[in-house]
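Enquirer: pasting the sequence and the predicted model now:
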Amino acid sequence: MKYLCNVCHKFTYKLSEWDQAHGIPPNTRPEDLPDDRRCPICHSDKSHLMVVEE
């Protein structure tokens with residue numbers, strides 16, 4: 001599954017990817033991300049990650 005930031009429309013978050021820099025294991029859904037996790041491009045919060053078709 002893949003998510004796209006609906007503010008900047010550039011950042012893509014893929015469930016299958018491991019984010020070692022932030023200690024986030026693969027298959028972590030956006031709602032389970034830490035509350036301070038933000039889009040690295042526009043800095044919007046995790047609530048702006050919307051499902052997109054792959």
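Expert: Received, thanks. Predicted model, so just to flag it, every value in this text is computed and none were measured.
Enquirer: give the buried residues for the lowest-mean-pLDDT helix or strand in the chain.
Expert: For the chain, using mean pLDDT, DSSP states H and E, the weakest element among its helices and strands is strand 12-14, scoring a mean of 93. By neighbour count on 16 or more other CB atoms under 10 Å, the buried set for strand 12-14 is Tyr13. The way it works is simple: take the backbone N, C-alpha and C, and place the C-beta from them, glycine included.
Enquirer: listing partners with orientation, what would you give for it?
Expert: Strand 12-14 has the following sheet partners, assigned by DSSP bridges: strand 2-5 (antiparallel).
Enquirer: which positions within the strand it pairs with qualify as buried?
Expert: Buried, per 16+ other CB under 10 Å, within strand 2-5: 3-5.
Enquirer: could I get the residues you listed as JSON lines with distance to Val52 and pLDDT?
Expert: Supplementary listing: those in JSON lines, determined by distance: CB to CB, whole Å; pLDDT from 0 to 100:
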{"residue": "Tyr3", "distance to Val52": "7", "pLDDT": "96"}
{"residue": "Leu4", "distance to Val52": "5", "pLDDT": "97"}
{"residue": "Cys5", "distance to Val52": "10", "pLDDT": "98"}
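Enquirer: before we move on, the earlier item: now the least confident helix or strand of the chain, how far from the centre of its chain.
Expert: Counting by CA atoms, centre = their mean, to the nearest Å, strand 12-14 is centred 5 Å from the centre of its parent chain.
Enquirer: where does the protein dip in pLDDT?
Expert: For the chain, no stretch is flagged by pLDDT under 70.
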